[in-house]
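Undergrad: The following block contains a protein sequence and its predicted model.
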Amino acid sequence: MTSDGAVRFFDEPDRPLSTGEFSRRSRLSLKALRLYDRLGLLRPAVVDPGNGYRTYHVSQLFTARLIVTLRRLDMPLPEIADVLAAPGSEALDRVEAYWERVERRVAVQRQIVAQLRPALSAPGRFAALPIATRDIAEQVLLTEQRHVYLDELPWIRVASARLLDAAGRFGGPTGPRMVIFHGDVTTDSDGPVEVCVPVAAPPGDPHETAWRIEPAHRVACTPVTRAQFEVPTILSIYDAMHQWVDARYVEAGAAREIYQIGIDPDTAAADDVVCEIAIPIEWRAATAPLGPALQRQTRPRSGPGRGRR
């Protein structure tokens, strides 16, 4: 690289190149060169004002080949522009930051593919979905709540371990842990998600562990086996649950998963029940139309994008 920032290839002088020769040597099509000129990524060194003929220089081949390489990483053109404009090592920092985001996305996608395998190999496992209703008594819940995206759902396991450990200091859990989805969890939506463990009485020190009272309520619920636990089957179960509730009741709270004590979803057998999907419900007046206030209670639909426990 010379003092003016131009890149020299071996001992080749920085001579002009026709558009055709520059296209061949840079491996950029004429159409791509016109696009990059229009976007300001790679402008010709000279444009003849009379005939519009464009001329490039040898020193521009580095930039052209860098664009080609970054496009092979599927880097969007606006981010390529940022890389080209960055001074010194900052350009490398931007490339590495982009690639870290790609790797995080691919990790999530790899997990989704792994989850699809058992679901697609055993379709139709809930043709007759057993939905029941039951009353749940008031509970004292140790709780952690956080906004998390799909790739951050492993936080649930960490939070569950913390709360179960805390429950041990207060006499132990009095029932199964719950994961409540107060909003959708996807790559674009972050819940929030609440992890809860029931205990007999509130902690003596409220600053040690967060807690709340869960009022008595009724839920519609259905068991979920390990084979049904992943996408897309689990999402279809959520859809069926919401439809079943809508036809009979008003949703009175966020959907939640109530986990079986002593069952680890990661190691359970395909037919083991690992949790229940439960939706708090209220009676709907038989003769009254569903007004705007009650309609709002049925939305938004909460549920996981999965990422598992």
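TA: Arrived safely, thanks for sending.

Undergrad: Let me see the contact set for Leu164.
TA: Taking Cβ atoms under 8 Å, 6 or more residues apart in numbering as the criterion, Leu164 is in contact with Pro173, Arg177, Val197. Every residue, glycine included, has its C-beta placed from N, CA and C.

Undergrad: so how far is Phe62 from Gly40?
TA: Separation of Gly40 from Phe62 (Cβ to Cβ, to the nearest Å) stands at 17 Å.

Undergrad: Likewise for Arg248?
TA: The gap separating Arg248 from Phe62 is 68 Å, by Cβ to Cβ.

Undergrad: quick one: which of these two has more around it?
TA: Shown here are Arg248 and Phe62; by other Cβ atoms under 10 Å, Phe62 has more neighbours (15 against 12).

Undergrad: For the stretch 51-200 of the chain, which residues score under the pLDDT cut-off?
TA: The model of the stretch 51-200 of the chain has pLDDT under 70 over residues 111, 115, 118-128.

Undergrad: which residues in it form strands?
TA: Assigned by DSSP state E, counting those that start in this stretch, the stretch 51-200 of the chain shows strands spanning 54-57, 132-136, 139-146, 178-181, 193-199.

Undergrad: Which residue, other than its chain neighbours, is closest to Leu39?
TA: Spatial nearest neighbour of Leu39, chain neighbours left out: Leu77 (6.2 Å); criterion: Cβ to Cβ, 6 or more residues apart in numbering.

Undergrad: brain fart, Gln145
TA: Nearest non-adjacent residue to Gln145 (Cβ to Cβ, 6+ apart): Glu194, at 4.2 Å.

Undergrad: Please tell me I have it right and the one you found contacts His182.
TA: Yes: the criterion here is Cβ atoms under 8 Å, and Glu194 meets it with His182 at 6.3 Å.

Undergrad: Find residues that contact each of those two.
TA: Common neighbours of Glu194 and His182 (Cβ under 8 Å, 6+ apart) are Gln145.

Undergrad: Those two: who's more crowded?
TA: Counted by other Cβ under 10 Å, Glu194 and His182 do not tie: Glu194 has more neighbours, with 20 against 17.

Undergrad: Give the buried residues for stretch 24-36.
TA: Ser26, Leu28, Ala32, Leu33, Tyr36 (16 or more other Cβ atoms under 10 Å).

Undergrad: and the closest residue to the first one other than its chain neighbours, how far is that from Ala32?
TA: If you skip the residues right next to it in sequence, Ser26 has Ala64 as its closest partner in space, 3.5 Å away by Cβ to Cβ, 6+ apart. With distances taken as Cβ to Cβ, Ala64 is found 9 Å from Ala32.

Undergrad: can you check Ser26 too?
TA: Taken as Cβ to Cβ, the span from Ser26 to Ala32 is 9 Å.

Undergrad: end-to-end on stretch 86-95?
TA: 10 Å (Cα to Cα, to the nearest Å).

Undergrad: Now that stretch: buried residues?
TA: Buried, per 16+ other Cβ under 10 Å, within stretch 86-95: Arg94, Val95.

Undergrad: who touches that stretch?
TA: Leu70, Leu73, Met75, Glu79, Asp82, Val83, Leu84.

Undergrad: ok, which stretches of this structure are helices?
TA: Counting by DSSP state H, the chain has helices at residues 19-26, 30-39, 61-72, 77-85, 90-121, 155-168, 233-246, 292-297.

Undergrad: can you list contacts of the third one?
TA: Put plainly, it is helix 61-72. Residues from elsewhere that reach helix 61-72, judged by Cβ under 8 Å, 6+ apart: 7, 9, 22, 25-28, 36, 41-42, 56, 79-80, 83-84, 95.
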